[in-house]
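Undergrad: Fold the following.
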Amino acid sequence: MYNYKKELLDIFENDNSPLLNISSQTSSTTNEQKLIDIFNEINLFFKKNNREPKTNEDINERRLSIILNEIRADFNKKNILKSHDVNNLLGDLREISSLQDIFENDYRNILDTSIEDELFDIKSFDLERARTDFVAKRKPIENFEKYKDVFKKIHSELKSNNRKIIKFEDKDLKEGNFFVLDGMVFLLEKIDNKSTKIFNDKSQGNRKRYDPRTICIFENGMKSNMYLRSLQKLLYKNGKRVSESQDETLEIFNKNFNVENISGYIYVLRSLSEKQQIKNIPDLYKIGFSKNEVSMRIKNAPNETTFLNDKVEIISETKIKGYKPGSIENIIQSFFAARKMNIEVLDKKNKKVYPDEWFSVPIDIIHQAIDLLRKNNLIGHRYDEIKKEIYKV
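TA: Okay, the predicted model is just below:
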C-alpha cells in the first residue's frame, strides 16, 4: 500500500515554495482591500446565481472558482474575510495544525486517492509504473517567462471568442495544443519517445502499448511529465480542449483548399419547436456540417438532442470542397462563437444537455459568412454582434 503519511512528511521537509508556509502576518491594507473586493465579486456571483462559481467554460466564472479555492486553502485570507463571508462560502475558520486538518481542508483534491484507482487498472498496468505516474509531480519551470505571453494571448482570444473551449477527444492529444484541466489552461508541449513499448501483462502476456511521457506546461508556471494515457483520462474526467484561433483554423483550411473532391455540405436549420423558450430566441439557427445530403441527416431529428428533440426545417445547404469535414464546421462556428446559444434539453436518460451549433445570428449574415468561406475569403473578417454585420479587419 502506498505510504501517504511518508509522502506528506517528505512534502513538508522538501518544500521550497511558500505554499505550505503558514505565516501569521497579514497583508498590507492595499492587498487586503483587493482581497475583499474580489471576494465581494464572488459573493455577488453567489447572490445572482444562487450557487458558488464552478470551473466551466465561462472564463470569468472559472477565474472566480479558482480564486475561491485559493482563499479556502489559506487560513490568513479566510481570517481577513470572515466578516465578509455572508454566504458561508469559507466554512469554519480553523488554522491547519495537523495532518487531519490538511485532509479536511483539501479543497483542491490534491490528496484525493480516488484518482489513483480511476487512472490505473492494475490488471492492465504494471503496479510500480502506476505508482510512479501517480506521484509524478508538477515542478516549477525555470524559463517560464517565454510562456507568459502565450498564455495571456490564449486568455485574450478566449475572452474575445476568437478561441473556444470545446469537448476533448482523443485526436486532440497533439503537441502544441492547449487544454483546460480543473479550470487551468495548459500546453501539451511535447510527447516524449513516441515509439510503442512492450509491457508484460500477467493475464495476457507481452503486449504493445503506446503510452509515452508528456511535457505539459501549466499557466501557473508549473510543468508535468505525466504519461499520455493518464493525461487522457484526466481530460475526459474534468477537462476540455482549447480550439485553434479563427486565423489558425483558416490558415490550415487555406493550405488544403485545392483538393478537388466534395467534402460535404454546410447546412443551416431552423427549429420547428413550439416550446416558448426556443421560440423566444430571435434569429435562432443551427449551423452544421454533413458528409451526406442534409435531408438524410435530419430524418431522426425529433429523437436527437442535437436538434433540440424536435422537427427542423432546412434553410440552406452549401457544397464545400477540399478539406476535412470537422474543420470546415469548426471554422464557421468559431466565427459566430459570440452568438452561440446554450439551450437546455433532456436526453434519453433525462439528463440535461446543451447542444452545440445553435446560434442567434440573422440568416443573411450566416449566408454571407458561408459564401466567404466557400470562396476561400473568410480569413481577415470578423462578425460585429452589436451592429450585426461582417467587417474586414
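
Undergrad: Domain map for this protein?
TA: Here the domain parsing of the chain from automatic domain parsing is 4-104, 114-242, 246-392.

Undergrad: Rebuild the ones you listed as TSV, extending it with mean pLDDT and mean neighbour count.
TA: Quick note: C-beta positions are derived from backbone N, CA and C, even for glycine. As requested, the domains of the chain are exported to TSV (pLDDT from 0 to 100; neighbours: other Cβ atoms under 10 Å):
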stretch	mean pLDDT	mean neighbour count
domain 4-104	70	13
domain 114-242	75	15
domain 246-392	82	16
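
Undergrad: Looks to me like Ile314 is in a strand.
TA: Yes - applying DSSP: H, G, I helix; E, B strand; the rest coil, one finds Ile314 inside a strand.

Undergrad: any idea what sits nearest it, other than its immediate chain neighbours?
TA: Excluding the flanking residues, the one nearest Ile314 by Cβ to Cβ, 6 or more residues apart in numbering is Val294, at 5.5 Å.

Undergrad: can you check Arg213 too?
TA: Asp192 (4.5 Å).

Undergrad: do Gly221 as well
TA: Phe144 (4.5 Å).

Undergrad: What of Lys388?
TA: Pro362 is the one closest to Lys388 (Cβ to Cβ, 6+ apart), at 5.8 Å.

Undergrad: Surely the one you found is in contact with Asp283?
TA: Yes - in this structure Pro362 lies within contact range of Asp283 using Cβ atoms under 8 Å: 5.1 Å.

Undergrad: Next, show the common contact partners of these two.
TA: With Cβ atoms under 8 Å, 6 or more residues apart in numbering applied, the contact sets of Pro362 and Asp283 do not overlap.

Undergrad: give me every residue that touches the nearest residue in space to Trp358 that is not next to it in sequence.
TA: Spatial nearest neighbour of Trp358, chain neighbours left out: Met341 (4.7 Å); criterion: Cβ to Cβ, 6+ apart. Going by Cβ under 8 Å, 6+ apart, Met341 touches 281, 284, 358-360.

Undergrad: that older thread, show me the contacts for the residue nearest to Arg213.
TA: Residues near Asp192 by Cβ under 8 Å, 6+ apart: 212-215, 225.

Undergrad: gap between it and Phe168?
TA: Distance of Asp192 to Phe168, given as Cβ to Cβ, to the nearest Å: 21 Å.

Undergrad: Could you do Leu90 as well?
TA: 32 Å.

Undergrad: Ile42 touches Leu90, doesn't it?
TA: No - in this structure Ile42 lies outside contact range of Leu90 using Cβ under 8 Å: 10.1 Å.

Undergrad: Name the SS class of Ile281, please.
TA: Under three-state DSSP, Ile281 comes out as coil.

Undergrad: close enough to count as contact, it and Phe359?
TA: No - under the criterion of Cβ under 8 Å, Ile281 is not in contact with Phe359, lying 9.7 Å apart.

Undergrad: closest to Arg229 among the contacts of Met341?
TA: For the contacts of Met341, the residue nearest Arg229 by Cβ to Cβ is Trp358; the value is 34.2 Å.

Undergrad: list the contacts for the closest one?
TA: Contact analysis of Trp358 by Cβ under 8 Å, 6+ apart lists 271, 284-286, 308, 340-341, 343.
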